[in-house]
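Colleague: starting from these lines, generate the structure:
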Amino acid sequence: MKVHFIAVGGAAMHNLAIALHLKGYQITGSDDEIFDPAKTRLEKYGLLPAEYGWFPERLDYRPDAIILGMHAKADNPELLRAREMGLKIYSFPEYLHEQAKDKTRVVIGGSHGKTTITAMILHVLKYAGIETDYMVGAQLEGFDVMVRLSDTARFMVFEGDEYLTSALDRRPKFHVYMPDIALISGIAWDHVNVFPTFEEYVELFRVFASMLPNGGKLIYCAEDKEVSAVADSLHQEIEKLPYHLPEYTVDNGITKLKNGEGETPLLIFGHHNMLNLEGARLVCEAMGVSSAVFYEAIASFAGASKRLQTIGTGKDCAIYSDFAHSPSKLKATIHAVKEQFPGRKLTACMELHTYSSLSAGFLGEYEGSMDEADTAIVYYSRHALQLKRLPDLSPEDVGKAFGKDDIQVFNDGEKLREYLFSLRGKHSNLLMMSSGNFDGTDLKALAASYTSGN
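Modeller: Below is the predicted model of the structure:
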């Protein structure tokens with residue numbers, strides 16, 4: 001098979017390119033810019049384009065399939081040429097479904113927790129020796145690539161993103177995968193540029209769940225009222241498996257999960273992660289893994305990249321990085337660190353980076369989301385506002401939206417770094433939360449500075 005990628009440098013796209021290369025396919029690709037880690041990883045496998053840009057003439061070798069990345073626009077020169085030539089064009093999700101159409105498809109959906117739950121499932125299946133194909137949205141310890149495709153695995157596990165499929169296909173990605181086993185972790189309004197009302201956003205999940213075939217399984221968080229309402233609305237002949245918060249304790253900074261035979265010490269922590277874990281357990285059970293094996297395996301799960309990831313530790317302090325950026329994620333992540341270390345003060349710093357978070361009409365959703373932090377900091381970049389063609393925000397309006405009187409708001413990256421690097425950990429933790437990178441702030445250097453007195 002000969003496959004050409006338009007916008008090969010995307011996080012998911014370059015992993016699919018590598019996965020197909022490892023499967024023996026002939027891979028070519030183009031992009032107008034590629035950054036690390038995609039650049040280094042594509043170069044490692046001999047897949048990095050010799051020069052950046054769009055070159056319609058490269059399609060003259062007539063590849064068997066074109067895979068179109070979300071980054072590519074509808075007027076992309078290579079896309080126009082491919083359509084003119086009558087080549088088969090797939091979006092990233094469509095091609096994954098094509099590869100998995102004869103497998104049992106397990107799709108993990110929800111506004112939060114998708115990556116972590118998918119990572120937990122893959123960790124446990126690997127421990128249990130159950131072969132599976134997969135697509136996950138973060139680099140995982142023990143897994144070379146974020147996409148695996150084979151001819152032998154019976155299952156494929158998808159992280160089911162609800163964002164749009166491509167420039168040509170306005171369906172949410174997780175609608176394309178057609179689940180046999182589906183999980184919904186929670187519903188909290190996001191992607192307001194595409195789904196302008198909460199009702200439209202909720203409808204995505206109802207449609208997703210309704211795609212389950214008769215005999216399929218829906219695993220869902222019963223502690224989320226919106227998710228429960230979606231489950232109650234379904235009428236097809238499926239098995240509904242609700243999950244609740246499992247029992248756990250926190251002892252001297254260690255979370256221990258109670259199970260039928262005792263306690264399992266964990267490397268992860270937080271109320272939201274315990275819910276994620278219980279959802280993952282039910283999915284693994286549906287795939288043939290016993291609870292006993294699940295608990296054995298999950299004890300060594302250290303988390304996915306940027307999901308409460310430890311950046312540095314001192315004698316009585318630590319710095320964590322997390323992908324949290326929506327109001328519900330901020331609240332859950334801050335609560336997790338406070339619950340795990342009740343004797344330490346917490347400085348929580350978040351970046352408004354997504355289109356939703358930088359939209360004036362959405363800002364009010366953040367009210368109260370950082371209240372539990374002892375010191376709360378919000379950063380946003382005026383350059384990011386310009387790139388997203390959004391009107392400017394004032395620090396006063398941002399602070400008012402969060403509803404915390406002593407919140408500190410920065411819109412200058414250098415001033416933010418100056419403040420953060422002045423902090424020293426002493427009976428305290430620092431939590432950095434963003435789907436971006438705080439305009440290139442070196443978190444490892446920050447961790448070294450923060451823990452230097454310990």
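Colleague: could you pull out the helices for the stretch 1-150 of the chain?
Modeller: If you assign secondary structure with DSSP state H, counting those that start in this stretch, the helices in the stretch 1-150 of the chain sit at 11-22, 38-44, 77-85, 92-100, 114-128.
Colleague: give the buried residues for the second one.
Modeller: Translated: helix 38-44. Neighbour-count burial for helix 38-44, counted by 16 or more other CB atoms under 10 Å, picks out 38, 39, 41, 42. Backbone N, C-alpha and C define where each C-beta goes, glycine included.
Colleague: which neighbouring elements make contact with it?
Modeller: helix 11-22 (3 or more CB pairs under 8 Å, 6 or more residues apart in numbering; DSSP states H and E).
Colleague: which residues touch the helix it packs on?
Modeller: 1, 3, 5, 7-8, 27, 29, 34, 38, 41-42, 45, 47, 67, 69, 71, 92, 95-96, 135, 137, 145-149 (CB atoms under 8 Å, 6 or more residues apart in numbering).
Colleague: give me the buried subset of these.
Modeller: The buried subset of those - by 16+ other CB under 10 Å - is 3, 5, 7-8, 27, 29, 34, 38, 41-42, 47, 67, 69, 71, 92, 95-96, 135, 137, 145-149.
Colleague: ok, back up a step: dump the helices of the stretch 1-150 of the chain into JSON lines; add distance to residue 403 and mean pLDDT as well.
Modeller: Listed next are the helices of the stretch 1-150 of the chain as JSON lines, based on distance: least, CB to CB, whole Å; pLDDT from 0 to 100:
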{"stretch": "helix 11-22", "distance to residue 403": "34", "mean pLDDT": "93"}
{"stretch": "helix 38-44", "distance to residue 403": "39", "mean pLDDT": "95"}
{"stretch": "helix 77-85", "distance to residue 403": "45", "mean pLDDT": "96"}
{"stretch": "helix 92-100", "distance to residue 403": "38", "mean pLDDT": "94"}
{"stretch": "helix 114-128", "distance to residue 403": "28", "mean pLDDT": "95"}
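Colleague: out of those helices, flag the one nearest residue 350.
Modeller: The closest of the helices of the stretch 1-150 of the chain to residue 350 is helix 114-128. By CB to CB, the value is 17.9 Å.
Colleague: list the buried residues in the closest one.
Modeller: Within helix 114-128, the residues that count as buried by 16+ other CB under 10 Å are 114-125, 127-128.
Colleague: let me know the closest of the residues you listed to residue 440.
Modeller: Among the buried residues of helix 114-128, residue 115 lies closest to residue 440 (CB to CB), at 22.8 Å.
Colleague: quick check: the closest one touching residue 307?
Modeller: Yes. At 6.3 Å, residue 115 and residue 307 qualify as touching, with contact defined as CB atoms under 8 Å.
Colleague: what is in contact with these two at once?
Modeller: Shared contacts of residue 115 and residue 307 (CB under 8 Å, 6+ apart): 138, 323.
Colleague: contact partners of stretch 301-314?
Modeller: Contacts of stretch 301-314 (CB under 8 Å, 6+ apart): 115-116, 119-120, 123-124, 136, 138-141, 266-270, 273, 318-323, 333, 336-337, 425, 432, 443-444, 446-448, 450-454.
Colleague: try 7 Å this time
Modeller: For stretch 301-314, contacts defined as CB atoms under 7 Å, 6 or more residues apart in numbering pick out 115-116, 119-120, 123, 138-141, 267-268, 270, 318-323, 333, 336, 425, 443-444, 447-448, 450-451, 454.
Colleague: same check on stretch 125-132?
Modeller: By CB under 7 Å, 6+ apart, the residues outside stretch 125-132 that reach it are 142, 152, 153, 155, 156, 157, 284, 287, 288, 289, 293, 297.
Colleague: do the same with stretch 323-337
Modeller: Contacts of stretch 323-337 (CB under 7 Å, 6+ apart): 111-112, 186, 188, 190, 269-273, 306-308, 320, 322, 346, 348, 350, 353-354, 357, 365-366, 369-370, 372-373, 429, 431, 433-435.
Colleague: restricted to helices, list the residues you listed.
Modeller: For these, the ones inside helices are 271, 272, 273, with DSSP state H as the criterion.
Colleague: out of those residues, which end up buried?
Modeller: Those of those that meet the buried threshold are 272, 273, by 16+ other CB under 10 Å.
Colleague: between the ones in helices among the contacts of stretch 323-337, which is closest to residue 390?
Modeller: Nearest to residue 390 out of the ones in helices among the contacts of stretch 323-337 is residue 272 (CB to CB; 28.9 Å).
Colleague: about what we covered before: of the contacts of stretch 301-314, select the buried ones using a PyMOL command.
Modeller: Buried subset of the contacts of stretch 301-314, written as a PyMOL selection, criterion 16+ other CB under 10 Å:
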select buried, resi 115+116+119+120+123+138+139+140+268+270+318+319+320+321+322+323+333+336+425+443+447+450+451
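Colleague: so residue 409 touches residue 397, yeah?
Modeller: No. The pair residue 409 and residue 397 does not pass the contact test of CB atoms under 7 Å, sitting 9.1 Å apart.
Colleague: neighbour count: those two, which is higher?
Modeller: residue 409 (21 against 12; other CB atoms under 10 Å).
Colleague: where do the domain boundaries of this protein fall?
Modeller: Domain assignment for the chain, taken from automatic domain parsing, gives 2-87, 95-298, 309-450.
Colleague: and the first one, end to end?
Modeller: Okay, so that is domain 2-87. This stretch, domain 2-87, spans 12 Å end to end (CA to CA, to the nearest Å).
Colleague: for the longest one, same thing?
Modeller: Across domain 95-298, the terminal residues are separated by 31 Å (CA to CA).
Colleague: how far does that domain sit from its chain's centre?
Modeller: Here domain 95-298 is found 12 Å from its chain centre; the criterion is CA atoms, centre = their mean, to the nearest Å.
Colleague: and the helix or strand bottoming out on mean pLDDT in the chain, which residues are buried?
Modeller: In the chain, the helix or strand scored least confidently by mean pLDDT, DSSP states H and E is helix 382-387, which has a mean of 89. Within helix 382-387, the residues that count as buried by 16+ other CB under 10 Å are 384, 385.
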